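*Asks:* Predicted model and sequence below, questions to follow.
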There are 2 protein chains.
Amino acid sequence: MRYVMLVSYDGTEFCGWQIQPGKRTVQGELERAAAALFGVPVSVTGSGRTDAGVHAAGQVCHFDAETNIPAERLCLCFDRLLPPDVRVLASAAAEAGFDCSRRAKRKTYVYFAYHAPCELPLYSRYGAFLKAACDADRMRSAARLLIGEHDFAAFRALGSSAKTTVRTVYSVGVEEIPLCGGRGYRVAVCGNGFLYNMVRVIAGELFAVGMGLRGEEDILRAFATGKRECLAGTMPAKGLTLLAVEYGAPLFQNAN
Amino acid sequence: MRYVMLVSYDGTEFCGWQIQPGKRTVQGELERAAAALFGVPVSVTGSGRTDAGVHAAGQVCHFDAETNIPAERLCLCFDRLLPPDVRVLASAAAEAGFDCSRRAKRKTYVYFAYHAPCELPLYSRYGAFLKAACDADRMRSAARLLIGEHDFAAFRALGSSAKTTVRTVYSVGVEEIPLCGGRGYRVAVCGNGFLYNMVRVIAGELFAVGMGLRGEEDILRAFATGKRECLAGTMPAKGLTLLAVEYGAPLFQNAN
């Protein structure tokens, strides 16, 4: 029987999603819990990998198991076996062969960064420090260039590979948040899929535009040339959170 | 010379603000940094104490020192000497005898709690778990009863003492925030001062009202009788953040 689960984690203490020998990973913790629960090795597949330090509010994964435990109670069983920085919020039965990676229709990531006189203790896990304040309207104007189907070849880590670098971005929201002694900026990006580091490159470019260090012409040149060096630096992992993965229909009854 | 500083800290790893022998406290860290910086023991006074686990975005403190360092650069010197979970955002000279506790005109605290199928890793430091969802409109309606000058004797920890239990609450805001798999509630309380545990008692009562476990009549009874037992339980420390302390005029040029 195939099952799907909705998973949240604080990425701070994880070496990312993907299992690696000798490293603490989210997939590793889930597979360890699944093996303890079902008594056999279980392979857990995520909707996508997240890097070391990246967080998830609503990651989705699937696995196969034979069990008498009702599907919607599996989340409780996992949570008893998992460390507190990863939690299963919901579980459900899925159709045979349902692949939570290939069937994902939309993903939403949020990037949070702030400018303040110094690094702020309350954002040390979930926000990146910016050296200057940003003009959110400039960011919003530049963000509009990203919307639609484009070749995002320039918007990924150098050396990464993918069959195609064409992706569709449905929306990019920029929200400015007042902080004591500073200003925060929340960039939410929704698309049909993302290349490696794509959201962190988009965020870095938008913050650079917001600070006046770059302009919309750089984004147009990046699309035209496909060259990574047209764009600003990749933002650090800790500001990034995978907010939600959406499918054609809701996977879970009581969540998402 | 008297100086004032704007301080932020993540309360998770602190036994509160107030210095205690053998315990890690915010005041203790600041006094240790001040002694290292000025070469003599320095007493640092906060605008008020915060409990173990309570956070601060904008706490204010004062101290006396003789130094050639320009007042607005003191914050940088402190930050080199402090651990990363406490930061000085701004520093300034103050008039002789300025007392950041007695002269505080308004304080704003924020309490964050959420309902979800389980405790969420991304809110484990800064949010409290609620067993049920809340009706934010019920909370807002009850919150209006708190506004104004009242005897808040019932709204404090049992056994605590204060010269007077009359305080003025200027505003109570209730914001509902959608979370993946749940709902968050942000309660912001602004007043001229707060009794021991008062914000955590107010938050607990508003959440209980929001869940339908209590009604506005309980708040009216609490005001009429001054009895703590009229109200719901005190919320845990980790959901509470001291957002700002305000004085008649801004204390710092570039912050607050």
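*Replies:* That came through, no problem.
*Asks:* Next to chain B, which bits of chain A? Give me the list.
*Replies:* A:6, A:8-10, A:55, A:57-58, A:75-76, A:79, A:84-90, A:116-122, A:124-126, A:179-182, A:241, A:243-244, A:254-256 (Cβ under 8 Å from any Cβ of the partner chain). In this view, the C-beta of every residue, glycine as well, is placed from N, C-alpha and C.
*Asks:* got a list of what the residue nearest to residue A:193 when sequence neighbours are not counted touches?
*Replies:* Among residues not flanking residue A:193 along the chain, residue A:167 sits closest, at 5.5 Å (Cβ to Cβ, 6 or more residues apart in numbering or on different chains). For residue A:167, the contacting residues are A:149, A:150, A:152, A:191, A:192, A:193, A:194, A:195, A:198, by Cβ atoms under 8 Å, 6 or more residues apart in numbering or on different chains.
*Asks:* What lies in contact with stretch A:184-194?
*Replies:* In contact with stretch A:184-194 (Cβ under 8 Å, 6+ apart) are residues A:48, A:104-114, A:123, A:127, A:130, A:134, A:136, A:139, A:143, A:146, A:167-178, A:199, A:202-203, A:206-207, A:210, A:243.
*Asks:* Out of those residues, list just those in helices.
*Replies:* Within the contacts of stretch A:184-194, residues falling in helices by DSSP state H are A:136, A:139, A:143, A:199, A:202, A:203, A:206, A:207, A:210.
*Asks:* Just flag the most distant two among the residues you listed.
*Replies:* Using Cβ to Cβ, the ones in helices among the contacts of stretch A:184-194 span at most 17.9 Å, a distance reached by A:136 and A:199.
*Asks:* Could you check which of the two has the larger neighbour count?
*Replies:* residue A:199 (28 against 19; other Cβ atoms under 10 Å in any protein chain shown).
*Asks:* Contact partners for the more buried one?
*Replies:* Neighbour list for residue A:199: A:109, A:111, A:189, A:240 [criterion: Cβ under 8 Å, 6+ apart].
*Asks:* So what's the predicted local confidence for it?
*Replies:* Looking at residue A:199, its pLDDT is 98.
*Asks:* Just the buried ones from the residues of chain A next to chain B, in PyMOL syntax?
*Replies:* Entered in PyMOL, the line below selects the buried ones among these, by 16 or more other Cβ atoms under 10 Å in any protein chain shown:
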select buried, chain A and resi 6+8+9+10+55+57+58+75+79+85+86+87+88+89+90+116+117+118+120+121+122+125+126+179+180+181+182+241+243+244+255+256
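*Asks:* Just the ones in strands from the residues of chain A next to chain B, please.
*Replies:* Taking DSSP state E, the ones among the residues of chain A next to chain B that sit in strands are A:6, A:8-9, A:55, A:57-58, A:86-90, A:179, A:182, A:241, A:243-244.
*Asks:* so how far is residue A:187 from the closest residue to residue A:176 other than its chain neighbours?
*Replies:* Leaving aside its sequence neighbours, residue A:176 sits nearest to residue A:136 (Cβ to Cβ, 6+ apart; 4.3 Å). Relative to residue A:187, residue A:136 is positioned 10 Å away (criterion: Cβ to Cβ, to the nearest Å).
*Asks:* cool, residue A:94 as well?
*Replies:* From residue A:94 to residue A:187 the distance is 32 Å (Cβ to Cβ).
*Asks:* Have a look at those two and say which one is more surrounded.
*Replies:* More neighbours surround residue A:187 than the other of residue A:94 and residue A:187, with 28 against 21 (other Cβ under 10 Å).
*Asks:* per-residue pLDDT, that one?
*Replies:* The model reports residue A:187 with a pLDDT of 98.
*Asks:* repeat for the one 4 residues further on
*Replies:* As predicted, residue A:191 sits at a pLDDT of 98.
*Asks:* give me the number of residues near it?
*Replies:* A count of nearby residues for residue A:191, using other Cβ under 10 Å, gives 23.
*Asks:* Is it bridged to anything, and to what?
*Replies:* residue A:107, residue A:169 (DSSP bridges).
*Asks:* Give me the distance between the residue lying farthest from the centre of chain A and residue A:98.
*Replies:* Going by Cα atoms, centre = their mean, the residue of chain A most distant from its centre is residue A:68, 32.6 Å out. Separation of residue A:68 from residue A:98 (Cβ to Cβ) stands at 21 Å.
*Asks:* now do residue A:72
*Replies:* Residue A:72 sits at a distance of 16 Å from residue A:98 (criterion: Cβ to Cβ).
*Asks:* Can you verify my assumption that residue A:205 contacts residue A:231?
*Replies:* Yes - between residue A:205 and residue A:231 there is a contact under Cβ atoms under 8 Å: 4.7 Å.
*Asks:* which residues touch residue A:27?
*Replies:* A:17, A:18, A:19, A:44, A:46, A:61.
*Asks:* Now it. Nearest residue, chain neighbours left out?
*Replies:* Closest residue in space to residue A:27, ignoring its immediate chain neighbours: residue A:19 at 4.4 Å, by Cβ to Cβ, 6+ apart.
*Asks:* what about that neighbour, how many neighbours?
*Replies:* Other residues lying near residue A:19 total 17 when counted by other Cβ under 10 Å.
*Asks:* swap in residue A:138?
*Replies:* Neighbourhood size, residue A:138 [other Cβ under 10 Å]: 18.
*Asks:* again, but for the one 4 residues further on
*Replies:* Taking other Cβ under 10 Å as the criterion, the count of residues near residue A:142 is 23.
*Asks:* cool, and the one 3 residues further on?
*Replies:* Around residue A:145 there are 19 other residues, counting by other Cβ under 10 Å.
*Asks:* so it sits right up against residue A:220, yeah?
*Replies:* Yes - assessed by Cβ under 8 Å, residue A:145 is found in contact with residue A:220 at 6.8 Å.
*Asks:* Give me the domain ranges for chain A.
*Replies:* Annotated domains of chain A cover A:2-103, A:106-243 [automatic domain parsing].
*Asks:* which one of those lies closest to residue B:25?
*Replies:* domain A:106-243 (14.6 Å).
*Asks:* Okay, buried residues for stretch A:159-167 please.
*Replies:* Those buried within stretch A:159-167 under the rule 16+ other Cβ under 10 Å are A:165, A:167.
*Asks:* what's the average pLDDT for that stretch?
*Replies:* Regarding stretch A:159-167, the rounded mean pLDDT is 88.
*Asks:* Just the CA trace of that stretch, in CSV.
*Replies:* Taking Å, rounded to 0.1, in the frame of the first residue of the first chain, the C-alpha atoms of stretch A:159-167 are listed here in CSV:
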residue,chain,number,x,y,z
GLY,A,159,27.4,23.0,-12.3
SER,A,160,24.0,21.7,-11.5
SER,A,161,22.2,19.6,-14.1
ALA,A,162,18.5,19.2,-15.1
LYS,A,163,16.9,17.8,-18.2
THR,A,164,15.3,21.1,-18.9
THR,A,165,15.8,24.5,-17.4
VAL,A,166,12.4,25.8,-18.4
ARG,A,167,10.1,26.4,-15.5
